[in-house]
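> Sequence first, then the predicted structure, then my questions.
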Amino acid sequence: MPDQTDPPDAGQTYEEAREELIDVVRRLEAGGTTLEESLALWERGEALATTCQDWLDGARQRLDAVITKETTTPTG
């Protein structure tokens, strides 16, 4: 799993990975590809889904850290 401070794929934002994943799913659903092309698309989709999940997990960790810090820091 990537370090919490590093993006899962330094060259791709969450939004870019999500949009590409949507495109991969559309292409698979449309059919008309060879078995080899379908397998390559499936593998790319799996990688993109993992990238998106890693981004979401990292965001959740950051939010949890902020919430924990705010609830344990005395005010006043």
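Yep, it's here.
> From now on I want contacts and neighbour counts done on CA atoms only, so please keep to that.
Fine.
> middle-most residue in the protein, spatially?
Cys52 (0.8 Å; C-alpha atoms, centre = their mean).
> what sits against the closest residue to it other than its chain neighbours?
Among residues not flanking Cys52 along the chain, Tyr14 sits closest, at 5.8 Å (C-alpha to C-alpha, 6 or more residues apart in numbering). Each residue near Tyr14 by C-alpha atoms under 8 Å, 6 or more residues apart in numbering is listed here: Thr51, Cys52, Trp55.
> Distance of Tyr14 relative to Ile67?
Computed as C-alpha to C-alpha, to the nearest Å, the Tyr14 to Ile67 distance reads 22 Å.
> same check, this time on Glu36
Note on Glu36: its distance to Ile67, by C-alpha to C-alpha, is 47 Å.
> now swap in Glu46 and tell me
Distance of Glu46 to Ile67, given as C-alpha to C-alpha: 31 Å.
> of these two, who's got more company?
Glu46 (14 against 11; other C-alpha atoms under 10 Å).
> Show me what the mean pLDDT comes to for the helix or strand encompassing that one.
If you go by DSSP states H and E, Glu46 is part of helix 35-72. Averaging pLDDT along helix 35-72 gives 95.
> which helices and strands sit right next to it?
If you count contacts as 3 or more C-alpha pairs under 8 Å, 6 or more residues apart in numbering; DSSP states H and E, helix 35-72 packs onto helix 14-30.
> and the angle from the helix it packs on to helix 35-72?
Interaxial angle, helix 14-30 versus helix 35-72 (axes from the mean of the first three to the mean of the last three C-alpha atoms, to 10 degrees): 150 degrees.
> quick check, distance from helix 14-30 to the centre of its chain.
12 Å (C-alpha atoms, centre = their mean, to the nearest Å).
> For it, the averaged confidence score.
For helix 14-30, the mean confidence score works out to 97.
> in that helix, what's buried?
Neighbour-count burial for helix 14-30 flags Tyr14, Ala17, Arg18, Glu20, Leu21, Val24, Leu28 (criterion: 16 or more other C-alpha atoms under 10 Å).
> Please apply the same query to stretch 40-60.
Leu41, Trp42, Gly45, Leu48, Ala49, Thr51, Cys52, Asp54, Trp55, Gly58.
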